[in-house]
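Undergrad: Just to be clear, the model below is a prediction. Sequence and coordinates:
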Amino acid sequence: DLAIDQGPVDDPETVAVQRRMARLRGDPAAGGPGARKALLPDIEEINSSLSPSQGRGHLTDDPEVAEERQRGGFRLGFVTVLVLGAVGTAVYSLAGPLGNAVPPLAPALGAYAEWVDGLRLWLDLQMQGLLTRLNGPPAS
């Protein structure tokens, strides 16, 4: 019923498909020794068709676009630092109430508040030393 025992079919489409499959498998009888190599595009043809700015994605030779992209990167970094500073300030100022509301966080929040207090003290000492050097020794 499936016609498995019949010989090869002489249908032109079937023959073309069989040849194509033989070429894809690299059968030298189907297309000679370089048959598989012929299936790939010529690299020199591809290279000659590409322009220098193609394939680099967002890189362009336009200085305005490059400047806008650089400003956008600076803006993103600046906003990120501002947000982190605001979050750090909020956590520092709310360390007591947060520690009371969530007791397991109390030790970590206390340690963070002490660390920030140490940074503030260090900064105060540095500024006092700078002001002393700028103003000279106190007059007596």
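TA: It's in.
Undergrad: so where's this protein shaky on pLDDT?
TA: By pLDDT under 70, the low-scoring segments of the chain are 1-9, 26-39, 51-61, 138-140.
Undergrad: which residues in it form strands?
TA: Per DSSP state E, the chain carries no strands over any range.
Undergrad: what about the helices in it?
TA: Secondary structure of the chain, counting by DSSP state H: helices at 12-25, 28-31, 35-39, 43-49, 63-93, 95-101, 106-135.
Undergrad: Can you list the buried residues in the fifth one?
TA: Right, the one you point to is helix 63-93. residue 91 (16 or more other Cβ atoms under 10 Å). C-beta coordinates here come from the backbone N, C-alpha and C atoms, glycine included.
Undergrad: on contacts alone, who are the packing partners of it?
TA: helix 106-135 (3 or more Cβ pairs under 8 Å, 6 or more residues apart in numbering; DSSP states H and E).
Undergrad: Quick one: list the elements packing against the helix it packs on.
TA: helix 63-93, helix 95-101.
Undergrad: To residue 14, which of the ones you listed lies closest?
TA: Closest to residue 14 of those is helix 63-93 (Cβ to Cβ; 54.9 Å).
Undergrad: out of the helices and strands packed on helix 106-135, nearest to residue 118?
TA: Going by Cβ to Cβ, the one of those nearest residue 118 is helix 63-93, 12.0 Å.
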